[in-house]
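J.: build me a model from this:
(one chain, ligands or ions: 3)
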Amino acid sequence: MAEQERWNAVDDYFTSELAPADEALEAALRESDAAGLPQIAVAPNQGKLLQLLARMQGARRILEIGTLGGYSTIWLARALPADGRLITLEYQAAHAEVARRNLARAGLDGVVEVRVGPALDALPVLAEEGGAPFDFVFIDADKVNNPHYLDWAVRLTGPGSVIVCDNVVRDGAVTDADSTDPAVVGTRALVDRVAAHPRLSATAVQTVGTKGYDGFLLARVTD
Ligand code: SAH
Ligand code: DHB
Ligand code: MG
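T.: Numbering: from 1, shown residues only. Ligands and ions are numbered 1, 2, ... in the order given. Below is the predicted model:
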């Protein structure tokens with residue numbers, strides 16, 4: 001069995017045992033496909049990982065940068081208590097529209113707010129609004145802006161908050177210091193900033209499976 005096939009089989013096994021889809025999650029992917037959105041949502045077992053991390057964190061306010069069709073959003077929002085809230089930022093109006101429908105179908109439209117526009121415009125607005133700090137941030141948008149998203153994430157969180165960033169490995173491209181790929185340059189800049197940040201404790205892990213060879217960075221804002 002080719003490696004990728006084996007990794008997919010293991011993902012399918014763990015997903016069916018531990019992170020089975022329900023109608024709302026299945027519909028979110030189906031409707032995202034039907035609307036022509038790219039098939040780049042987190043895998044089901046990764047969505048469950050995000051949900052568990054948010055739940056273990058006791059998250060009450062979650063910020064997501066990069067909504068797509070709201071698939072990861074559904075996993076994350078389901079970690080929230082009844083009075084919890086999730087704000088998700090999406091550049092493409094068409095993606096946001098699909099996401100809003102998917103979130104409504106999942107019964108989460110009262111919990112999640114989808115804000116449309118470039119995240120770098122929305123983030124300063126969030127800061128100006130002066131709401132309570134976010135206790136969980138998921139960064140998963142245009143990778144070129146990852147260092148800026150990291151800076152805003154730190155600014156909009158507080159002691160003990162958790163920041164997770166998707167796609168930090170990209171087939172191992174992250175180790176190429178000479179890369180001119182803006183996504184690689186952006187992610188390396190994020191890793192540098194995390195490493196140098198006096199208030200962040202972090203690690204990154206490689207993942208294989210249906211999303212190919214990639215990985216997550218996890219950081220915690222120190223107390
Ligand atoms: N988190 C989603 C996947 C997000 S894909 C999931 O796992 O289900 C990345 C999304 O980021 C895309 O929908 C893309 O339109 C959006 N995006 C790209 N550039 C952006 C920007 N500057 N601001 C906000 N969103 C952006
Ligand atoms: C891409 C973006 C993602 O967030 C992801 O998880 C996988 C791929 C992309 O832009 O190709
Ligand atoms: Mg991603």
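
J.: okay, and the beta partners of residue 214?
T.: residue 207 (DSSP bridges).

J.: same question, residue 164
T.: Residue 164 has these beta-bridge partners by DSSP bridges: residue 138, residue 218.

J.: how many other residues sit next to it?
T.: Counted with other Cβ atoms under 10 Å, residues neighbouring residue 164 total 21. Bear in mind the C-beta positions are built from the backbone N, C-alpha and C, glycine included.

J.: so how far is residue 153 from it?
T.: Distance, residue 164 to residue 153, using Cβ to Cβ, to the nearest Å: 10 Å.

J.: do residue 8 as well
T.: 31 Å.

J.: of the two, who's got more company?
T.: The neighbour comparison of residue 8 against residue 153 (other Cβ under 10 Å) goes to residue 153, with 27 against 18.

J.: now the common contact residues for residue 164 and residue 153.
T.: 137, 139 (Cβ atoms under 8 Å, 6 or more residues apart in numbering).

J.: quick one: contacts for the residue nearest the centre of the chain?
T.: By Cα atoms, centre = their mean, the chain has its centre lying nearest to residue 138, at 3.8 Å. Residue 138 is in contact with 50, 62-66, 72, 76, 164-166, counting by Cβ under 8 Å, 6+ apart.

J.: from those, pick out the ones that also neighbour ligand 1.
T.: Filtering the contacts of residue 138 for neighbours of ligand 1 using Cβ under 6 Å from any ligand atom leaves 66, 72.
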